[in-house]
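Visitor: From the sequence below, what's the structure:
(one chain, ligands or ions: 2)
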Amino acid sequence: MSAEAGREGGSPMNPREEPGWRLFRGDGVPRHVEMPPAPPWRRFGAGEREVPAGEGEVPAGEREVPAGERAPSGPARPAPYLIGPEHADVVNAALHLRRPLLVTGSPGTGKSSLARAIAHEMDLGEVLRWPVNSRSTVQDALYRYDAIGRLRETALTRDRGEAEPDIGTFVRLGPLGTALVPGGRPRVLLVDELDKGDVDLPNDLLTVFEEGEFEIPELARLPEEQSVVEVLTERAGERATVRRGRLVCEEFPVVVITSNGERDFPPAFLRRCVRLELPTPDESRLRAIVTAHLGDDALEDVDQLLDAFLRRRAARELATDQLLNAVFLRAGGMDVTADGLLEAVLHRLGGAV
Ligand SMILES: Nc1ncnc2c1ncn2[C@@H]1O[C@H](COP(=O)(O)OP(=O)(O)O)[C@@H](O)[C@H]1O
Ligand SMILES: [Mg+2]
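Guide: Ligands and ions are numbered 1, 2, ... in the order given. Purely as a prediction, here's the structure:
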């Protein structure tokens, strides 16, 4: 194996014997190093860009993605997503019922990716993401009002003898608020890791989902002639019209709520969700996921790695993307099974480090 030869054989001081993947050598000698192509799932800034087939840097693995993927080729294509028909139909139930889909499952089973897969397949635009943490509030996810910015701006314009700035430019809808903006097709909202949030968060969220509307008191109290205000939204450049300080949704958004099961949710909340438990993928599903992301070639010689992954996963939690990372490194010529490296990539999740 060439990677092993580079690691074990020869002196590390001899640059000719260093394998190409060793970008950092730890010898303190400055060199100009070209970065190799990133894994398909770690490419940034190209998501919206249309890349015509055959143009741009497309690593071997990408070109091998099976035919039948409807998306265009190149970095603009969203990550592939595999889901069994029985689970896809739970998604369908939530879509028909206009209810939030509560997705549970071990880390890396594709909970968060499901929102993007639905948005892509149903052509519902970019996912509105709300990553929940212990400080998250429904209020902030609905909208934020920049009172200090407005005061400052008003003082400045007054000094210059200009007209007062429009209040709407100081109100920005958050992901939840933007998801409720009426007009057109429903939007997809990902409430990611709701179990990381405060104990009251599910019930507060439930209220908004049941009512499908919310008030912005700062706008509601404006005089009649200012009853229609254009506010900013979560999406750059997009504005929403708020009348008399209320925003009323027209079509309930497609809501995907994920949870790692760190907290139980109240029964009233659970009752109003459609629940989808994503299973931990078995070996054949893992192979299919690897092929979908990295192409058929990536499966060659991968048995040993897959074995190591499954063995480790039996004893403790491991995420599917950890396997993808290992296979990607291996495809680039790295000896992932070398001591220490496997542990670094397939390390245990959760708990103290
Ligand atoms: N069913 C799947 N189909 C394709 N890729 C998947 C699937 N499940 C997981 N993955 C891969 O694993 C990564 C982690 O998935 P993610 O949705 O972040 O998991 P979770 O939110 O459950 O922790 C994804 O970015 C994707 O690359
Ligand atoms: Mg996730």
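
Visitor: Please count neighbours and contacts with C-alpha atoms only from this point.
Guide: Noted.

Visitor: In this structure Gly174 contacts Val138, no?
Guide: No. If you go by C-alpha atoms under 8 Å, Gly174 and Val138 don't touch, sitting 9.4 Å apart.

Visitor: contacting residues for whichever residue of the stretch 251-353 of the chain sits closest to ligand 1?
Guide: Of all residues in the stretch 251-353 of the chain, Asp321 sits closest to ligand 1, at 4.0 Å by C-alpha to the nearest ligand atom. By C-alpha atoms under 8 Å, 6 or more residues apart in numbering, Asp321 lies in contact with Gly108.

Visitor: what's the answer for Asn325, then?
Guide: Val345.

Visitor: How about Val138?
Guide: Leu176, Leu201, Asp204, Leu205.

Visitor: circling back: in three-state terms, how would the residue of the stretch 251-353 of the chain closest to ligand 1 be classified?
Guide: Reduced to three states with DSSP: H, G, I helix; E, B strand; the rest coil, the structure at Asp321 is helix.

Visitor: The one 5 residues further on now?
Guide: With three-state DSSP as the basis, Ala326 sits in helix.

Visitor: hang on, isn't it packed against Glu343?
Guide: No. Contact criterion C-alpha under 8 Å: Ala326 and Glu343 do not qualify, at 10.4 Å.

Visitor: which of those two has more neighbours?
Guide: Ala326 (24 against 13; other C-alpha atoms under 10 Å).

Visitor: got the residue ranges for the strands in the stretch 201-350 of the chain?
Guide: 213-215, 228-232, 239-243, 246-248, 254-259, 274-277 (DSSP state E, counting those that start in this stretch).

Visitor: Show me the shaky parts of this protein.
Guide: By pLDDT under 70, the weakly predicted segments of the chain are 1-17, 46-77, 339, 350-353.

Visitor: how about the residues of it near ligand 1?
Guide: Proximity of the chain to ligand 1 is confined to 80-83, 107-113, 289, 320-321 under the rule C-alpha under 6 Å from any ligand atom.

Visitor: Recalculate using a threshold of 8 Å.
Guide: 41, 79-83, 104-114, 192, 258, 260, 281, 289-290, 292-293, 319-322, 324 (C-alpha under 8 Å from any ligand atom).

Visitor: So among the residues you listed, which ones count as buried?
Guide: Buried positions within those, assessed by neighbour count (16 or more other C-alpha atoms under 10 Å), are 79-80, 104-112, 114, 192, 258, 260, 281, 289-290, 292-293, 319-322, 324.

Visitor: so where does the residue sitting furthest away from the middle of the chain fall, helix or strand?
Guide: Within the chain, Gly161 marks the point farthest from the mean C-alpha position, 45.7 Å out by C-alpha atoms, centre = their mean. Under the criterion DSSP states H and E, no helix or strand holds Gly161.

Visitor: any idea how far the residue nearest to Cys273 when sequence neighbours are not counted is from Glu343?
Guide: Spatial nearest neighbour of Cys273, chain neighbours left out: Pro100 (5.1 Å); criterion: C-alpha to C-alpha, 6 or more residues apart in numbering. Counting by C-alpha to C-alpha, to the nearest Å, the separation of Pro100 from Glu343 is 38 Å.

Visitor: Next: Leu306.
Guide: Distance from Leu306 to Glu343, by C-alpha to C-alpha: 14 Å.

Visitor: And for Pro36?
Guide: According to C-alpha to C-alpha, Pro36 stands 23 Å off from Glu343.

Visitor: before we move on, what about Phe269?
Guide: 39 Å.

Visitor: swap in Ala115?
Guide: From Ala115 to Glu343 the distance is 31 Å (C-alpha to C-alpha).
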